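Colleague: pasting the structure only:
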């Protein structure tokens, strides 16, 4: 059974995870937010590895090495821009599902996600948490190789929202 963890912390400092997920932009380039932090921590090799994989579409996921990160891999997902990329909820679920499927295909035991699409892409935190947590639970119930999935959230408020949503989902 896969354990689901929620923590507040820097996605680039999840040293006990096989892979971390990048809330990427279409071109997989360094930018602001999560993508910028991951590219800065991984070093310039990450941008070079990403270039031939771009562009990606909302909901799509690709994988690269982690380079200077403490993780073997980075899984890059393009989340939907809320209410612009439709259907937003399905595209966001696809991000999590496709990232998890890449992790399983590499026989990884652990993966950490940020709160995809909740920054400049404007997805409301609670709604995004529901999509993310439902999708992670559904996929991991069917996958045996993943031992741990973590949501590594940068903001304490995001952590509180995700914990509350998880409690509601577990309650039924």
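Modeller: On my side now, so go ahead. Since the model is a prediction, treat every value here as computed from it, not as a measurement. Numbers count the residues shown, from 1 in each chain.
Colleague: use CA for all of it now, contacts and neighbours both
Modeller: OK.
Colleague: Below-threshold pLDDT in this structure: ranges please.
Modeller: For the chain, the stretches with pLDDT under 70 are 143-144.
Colleague: can you pull out the strands in it?
Modeller: 3-8, 19-23, 61-65, 73-77, 110-113, 148-153 (DSSP state E).
Colleague: If the residue nearest the centre of the chain is in a bridge, with which residues?
Modeller: In the chain, the C-alpha nearest the mean C-alpha coordinate belongs to residue 113, at 3.3 Å (Cα atoms, centre = their mean). Per DSSP bridges, the residues bridged to residue 113 are residue 151.
Colleague: burial measure for the closest residue to residue 116 other than its chain neighbours, as a count.
Modeller: Spatial nearest neighbour of residue 116, chain neighbours left out: residue 23 (5.4 Å); criterion: Cα to Cα, 6 or more residues apart in numbering. Close neighbours of residue 23, defined as other Cα atoms under 10 Å, add up to 26.
Colleague: let's number from 42 now, not from 1
Modeller: Got it, the first residue is 42 from now on, which makes the last one we talked about residue 64.
Colleague: show me the contacts for residue 64.
Modeller: 75-76, 117-120, 155-158 (Cα atoms under 8 Å, 6 or more residues apart in numbering).
Colleague: hang on, the earlier thing: including distance to residue 139, could the strands of the chain go into JSON lines?
Modeller: As requested, those are arranged in JSON lines below (distance: least, Cα to Cα, whole Å):
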{"stretch": "strand 44-49", "distance to residue 139": "17"}
{"stretch": "strand 60-64", "distance to residue 139": "11"}
{"stretch": "strand 102-106", "distance to residue 139": "6"}
{"stretch": "strand 114-118", "distance to residue 139": "8"}
{"stretch": "strand 151-154", "distance to residue 139": "12"}
{"stretch": "strand 189-194", "distance to residue 139": "14"}
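Colleague: winner for burial among those strands?
Modeller: Most buried of these, by mean neighbour count (mean count of other Cα atoms under 10 Å): strand 60-64, with a mean of 30.
Colleague: Compute the inter-axis angle for it and strand 189-194.
Modeller: Orientation check (axes from the mean of the first three to the mean of the last three Cα atoms, to 10 degrees): strand 60-64 against strand 189-194 gives 40 degrees.
Colleague: Can you list the strands that strand 60-64 pairs with?
Modeller: Counting by DSSP bridges, strand 60-64 is paired with strand 114-118 (parallel), strand 151-154 (parallel).
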